[in-house]
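1. sequence plus predicted model, see below.
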Amino acid sequence: MSNDNHQFICKNVNIRCETDESVITSKFKIGNTIQIPIAHGEGRFYCDDATLTEINKNNQVLFRYCDADGNVTKESNPNGAIENIAGICNRNRNVFGMMPHPERASDHVLGNTDGKKIFDSILNTVLA
């Protein structure tokens, strides 16, 4: 859905890891925070109440928008995503979706390497 403010947003945001039980979060501890860029005008996660209950019950929320200290607050939600959700996976944990762009924070040349941890998690799982 469109961002709450109906504007394109391009900035670094903080996200908090909500599970370590996925390919892309295997190198994280629950509660770890990283700073990742967002760049979108239609990036707000939304779902109906039944779906929200299911993804929370099944531990499918990967990341939530948070402040630098890991607190999930309304102010730390850049686009109005329901429950500050920044990333989810399917029940089988083989399909992932997230609005922040870890590829834009994966090399020193880009000025941020926090996103590399997501790619390292994938390699860690695939090569194990």
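-> Structure received.
2. quick check: phi and psi on residue 68?
-> Main-chain torsions, residue 68, degrees, to the nearest 10: phi -60, psi -20.
3. show me where this structure has its strands.
-> Using DSSP state E, the strands of the chain run over 9-17, 33-40, 61-66, 85-89, 96-98.
4. tabulate those strands (TSV), appending mean neighbour count.
-> (C-beta placed from N, C-alpha, C; glycine too.) Formatted as TSV, the strands of the chain follow (neighbours: other CB atoms under 10 Å):
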stretch	mean neighbour count
strand 9-17	19
strand 33-40	19
strand 61-66	25
strand 85-89	25
strand 96-98	16
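5. of all those, which lies closest to residue 107?
-> Closest of the strands of the chain to residue 107 is strand 33-40, at 12.5 Å (criterion: CB to CB).
6. run through who's touching the longest helix anywhere in the chain.
-> Ordering each helix of the chain by length in residues (DSSP state H) puts helix 116-127 first. Identification of contacts with helix 116-127 by CB atoms under 8 Å, 6 or more residues apart in numbering yields 22-28, 34, 102-103, 105-107.
7. try 7 Å
-> 23-28, 34, 102, 106 (CB atoms under 7 Å, 6 or more residues apart in numbering).
8. buried set for the worst-scoring helix or strand of the chain on mean pLDDT?
-> Every helix and strand of the chain was ranked by mean pLDDT, DSSP states H and E. The lowest is helix 116-127, at a mean of 90. Buried residues in helix 116-127, counted by 16 or more other CB atoms under 10 Å: 116-118, 121-122.
9. wait, which of these is closest to residue 44?
-> Distances from residue 44 to the buried residues of helix 116-127, taken by CB to CB, are shortest for residue 118, at 20.9 Å.
10. how close does that closest one sit to residue 49?
-> Using CB to CB, to the nearest Å, residue 118 is found at 29 Å from residue 49.
11. also residue 18?
-> The value you get for residue 18 to residue 49, if CB to CB is used, is 19 Å.
12. one more: residue 23?
-> Following CB to CB, the distance that separates residue 23 from residue 49 is 28 Å.
13. what would the strands of the chain look like in CSV with mean pLDDT and distance to residue 74?
-> Below are the strands of the chain laid out as CSV (pLDDT from 0 to 100; distance: least, CB to CB, whole Å):
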stretch, mean pLDDT, distance to residue 74
strand 9-17, 95, 14
strand 33-40, 94, 16
strand 61-66, 98, 10
strand 85-89, 97, 13
strand 96-98, 93, 20
